[in-house]
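[1] Fold the following, please.
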Amino acid sequence: MVAVQLPGKVKAQGDTNHPAPLVSGAQGAIQFTGMKQVISLIRLTLLLRIATSIVGVLVVLTFLPTTAPVYIELAAVVPSLLLLVVVFIAPLRGWETPRFVKGLLVAAIVAEALEAVISRLGLQLVAAASGMDVGEFYRRNVGFPVEWSLMRLPLNGPLLFITIPAVLGGWIDGKKGSLRWAAFTVLMTLLSTIATTSPEFTQWRLNIGVFGAQAIVVFITTFFVATLADQQRAEQTEIETANRKLAEQALVREQLATSRERVRLARDLHDTLAHTLAGLVVQANVVDTLFGKDPVAARRELARVQSVARQGLLDARAAISDLRANIVEDLGLASALQRQLEMMGQRAGLQVDFERSGDEPQLDKAHAEALFRIVQEALNNVERHANASHVSVCMEQNPLPDRILTVRIKDDGIGFEETALDDERFGLRGMRERAELIGAHLRIDSIVGAGTTVSITYRQE
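    Coordinates of the predicted model:
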């Protein structure tokens, strides 16, 4: 007895449709998927900034005895208004490049620092015109400990609005670039502090303390967000690389499957149509030789020629039908195997039996087609070489959690010795390659005079 174990080595990925290529590189991904989001966030930040100014104006008109801060706030919000107009125009003009968006972020930081200067200097001018400093002006005109412009710090402008552009810049440029954005934001905050701080030592000490606290917040926040962005981009790059490798592997497998199918077709044509035509040529020569000498024998040989030609025509039609039809997809694996077995039995005059145990296996198209082709090749071997009278196919689907599918093809033919095992003659190379492609195990057991059993074992994921 000969037992050949052919373990599968490669696990196919199923469908060979290639995924669309992703944009490679962090900057490429940002350019095509992130710039619109950044512009939207800038727009939202500016709208919130303007909304706080509106609330501040309403507070002044409602609670303060003087309306001078209203004009200061209106003047301070002008840079944000101008920048908001640009942000709304940008998508219409196609200005969604990283360079333009970075320019918007720089402009937003500068605008917020400038607004802080306008607001602070305006209050100082109003207080000076009344003969008071800013602190005295607040004490006399504001009867509650709430600043008239909500969310606006009295020194350097709202920390939220000047930090958001820096954070977005860090998200674009990553961890290293975040330090530049934080430093630029801190520099603009420092300049606004210097421009609005009176020379008294007490105010300088207070303003520098607040400035230092703001600088720490800006650096930490920007660096933290940039670190998360770098991590996200690294993970995205890994996913893109994995997808690209899977696409390349799928392409290689598809090419290999196409090449193997061509080899199988060539082998089938050689074993059927080519042999038939060669036999026809030989028998035609015999008929030509006997035609003048023995007309009776010539007619007998001519009848054989006609029989061989008819069989060759049937084989050719069967091959063409096999190429055109996708029987596995139409009927399912079990019904396709049963039909193939019955057709082979009718064609070869063999007794056939089909047995199925368990439910219909849930396989993708590529794996089901590969299993069908392996069984088909095994049945072809029985028909051509086994000299059998009975063939059976048994398909067994184990229940969960094993999910192991086993298909056995057994005949009562002549069998063969191990030395007679010819991969090319019996199509075993193609069977083995198909099994390896889907990660299945192919085993062949044969006893001389007692037939052959081919077993395919496939573990479903």
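
[2] any idea which residue of this protein is furthest from its center?
    For the chain, the largest distance from the centre (Cα atoms, centre = their mean) belongs to Lys293, which lies 75.2 Å off.

[3] those strands in this structure, which residues are they?
    2-6, 351-357, 390-397, 404-411, 441-447, 451-459 (DSSP state E).

[4] can you put the ones you listed in JSON lines and add mean pLDDT and mean neighbour count?
    The C-beta positions use only the backbone N, C-alpha and C, and glycine is treated the same way. Shown next, in JSON lines, are the strands of the chain (pLDDT from 0 to 100; neighbours: other Cβ atoms under 10 Å):
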{"stretch": "strand 2-6", "mean pLDDT": "42", "mean neighbour count": "13"}
{"stretch": "strand 351-357", "mean pLDDT": "92", "mean neighbour count": "14"}
{"stretch": "strand 390-397", "mean pLDDT": "93", "mean neighbour count": "19"}
{"stretch": "strand 404-411", "mean pLDDT": "93", "mean neighbour count": "21"}
{"stretch": "strand 441-447", "mean pLDDT": "90", "mean neighbour count": "19"}
{"stretch": "strand 451-459", "mean pLDDT": "92", "mean neighbour count": "21"}
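
[5] Quick one: closest of those strands to Ala242.
    Comparison of these against Ala242 by Cβ to Cβ identifies strand 451-459 as nearest, at 23.2 Å.

[6] between the closest one and strand 404-411, what angle do the directions make?
    Taking axes from the mean of the first three to the mean of the last three Cα atoms, to 10 degrees, one finds strand 451-459 and strand 404-411 inclined to each other by 170 degrees.

[7] and the angle from strand 451-459 to strand 390-397?
    Using the same axes, to 10 degrees: strand 451-459 against strand 390-397 is 20 degrees.

[8] can you list the strands of the chain in a markdown table and add distance to Ile89?
    A markdown table is the format used below for the strands of the chain (distance: least, Cβ to Cβ, whole Å):
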| stretch | distance to Ile89 |
| --- | --- |
| strand 2-6 | 67 |
| strand 351-357 | 68 |
| strand 390-397 | 63 |
| strand 404-411 | 62 |
| strand 441-447 | 65 |
| strand 451-459 | 60 |
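
[9] Looking at the ones you listed, which is nearest to Ser119?
    strand 451-459 (71.3 Å).

[10] Tell me the helices and strands packed up against the closest one.
    In terms of contacts (3 or more Cβ pairs under 8 Å, 6 or more residues apart in numbering; DSSP states H and E), strand 451-459 is packed against helix 365-381, strand 404-411, strand 441-447.

[11] is it possible to export the ones you listed to TSV including distance to Arg356?
    Shown next, in TSV, are those (distance: least, Cβ to Cβ, whole Å):
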stretch	distance to Arg356
helix 365-381	13
strand 404-411	10
strand 441-447	20
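
[12] Compare those and give me the one nearest Arg93.
    Closest to Arg93 of the helices and strands packed on strand 451-459, according to Cβ to Cβ: helix 365-381, at 47.4 Å.

[13] Find me the pLDDT at the residue farthest from the centre of the chain, would you?
    pLDDT for Lys293: 80.

[14] next one: phi and psi at it?
    phi -100, psi -50 (degrees, to the nearest 10).

[15] if we can go back for a sec, out of the strands of the chain, which comes closest to Ala234?
    Comparison of those against Ala234 by Cβ to Cβ identifies strand 451-459 as nearest, at 34.0 Å.

[16] mind exporting the closest one as PDB, just the C-alpha atoms?
    Extracted as PDB, the C-alpha positions of strand 451-459 are listed here (Å, rounded to 0.1, in the frame of the first residue of the first chain):
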ATOM      1  CA  GLY A 451      -8.500   0.400  -5.400                       C
ATOM      2  CA  THR A 452      -7.600   3.900  -4.300                       C
ATOM      3  CA  THR A 453      -8.900   6.400  -1.800                       C
ATOM      4  CA  VAL A 454      -8.200  10.200  -2.100                       C
ATOM      5  CA  SER A 455      -9.000  12.200   1.000                       C
ATOM      6  CA  ILE A 456      -9.100  16.000   1.100                       C
ATOM      7  CA  THR A 457      -9.300  17.600   4.600                       C
ATOM      8  CA  TYR A 458     -10.000  21.300   4.900                       C
ATOM      9  CA  ARG A 459     -10.300  23.300   8.100                       C
END
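
[17] Please state the offset of it from the chain centre?
    On the basis of Cα atoms, centre = their mean, to the nearest Å, strand 451-459 sits 35 Å off its chain's mean C-alpha point.

[18] Name the strands paired with that strand and say parallel or antiparallel.
    strand 404-411 (antiparallel), strand 441-447 (antiparallel) (DSSP bridges).

[19] Tell me the confidence at Phe88?
    90.

[20] Roughly how far does the nearest residue to Leu191 once chain neighbours are set aside sit from Leu437?
    Spatial nearest neighbour of Leu191, excluding adjacent residues (Cβ to Cβ, 6 or more residues apart in numbering): Ala113 at 6.6 Å. Remark: distance between Ala113 and Leu437 (Cβ to Cβ, to the nearest Å) = 64 Å.
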